[in-house]
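pasting the sequence and the predicted model now:
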Amino acid sequence: MTLPQSIPDEIREDFRRDAAALSTEDLIARVQAAVDSVATAIRALGDADLDVPAGGGWTPLQCLGHIVESNARHAQEILYVALSGELPPGTAFELPPGRDAVLAKHAEAIESLFAHVREAAPDAFLYVTWPHAFFGNLNWREWLLFLEFHTTDHTRQLTAMRSG
């Protein structure tokens, strides 16, 4: 799925409405389901297929690396803002080698995120927003919902790599 340069207003508003209406536990459940799906999709690929570019594009391992790096970075931003109202200082993120190690790093980042947002008040610091290239400025709850969207989108890519 290729995103347009900007998201139509009605989709953006539905997205924001969902992020506001869902409980923290519902948001967590949606993100966890997406994280589980990406793990299933990458594990369905044989070891020999992990470094084979799909249609001249990413390899499955590169796609997984993008998902995990992006989600881990956003998870850190979300948990900082949810608890303190401040964005964290920029930090370097290095992926370990290998599918299982990358999946473990993803699980670790997501579990930490969930533990922290469970401690936060659901309406804490919602006035603090930071930009997303397509959705515009999002608060921490909207970013949390975005993790599901992002992970699901790339899971579709991994599934297509398996079947293509």
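Yep, it's here. Residues are numbered from 1 along each chain as shown.

look up how far residue 107 lies from the residue nearest to residue 145 when sequence neighbours are not counted.
With C-beta to C-beta, 6 or more residues apart in numbering as the criterion, residue 145 has its nearest non-adjacent residue at 4.4 Å, and that residue is residue 19. Backbone N, C-alpha and C define where each C-beta goes, glycine included. For residue 19, the distance to residue 107 equals 23 Å [C-beta to C-beta, to the nearest Å].

of those two, who's got more company?
residue 19 (19 against 15; other C-beta atoms under 10 Å).

what about the more buried one, which helix or strand?
helix 9-21 (DSSP states H and E).

show me which positions of that helix end up buried.
Residues 12, 15, 16, 18, 19 are the ones in helix 9-21 that count as buried (16 or more other C-beta atoms under 10 Å).

could those go into TSV alongside pLDDT and distance to residue 131?
TSV is the format used below for these (pLDDT from 0 to 100; distance: C-beta to C-beta, whole Å):
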residue	pLDDT	distance to residue 131
12	84	13
15	89	15
16	92	14
18	95	19
19	96	16
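
rebuild the residues you listed as JSON lines, extending it with distance to residue 44.
Converted to JSON lines, the buried residues of helix 9-21 look like this (distance: C-beta to C-beta, whole Å):
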{"residue": "12", "distance to residue 44": "33"}
{"residue": "15", "distance to residue 44": "29"}
{"residue": "16", "distance to residue 44": "34"}
{"residue": "18", "distance to residue 44": "29"}
{"residue": "19", "distance to residue 44": "30"}
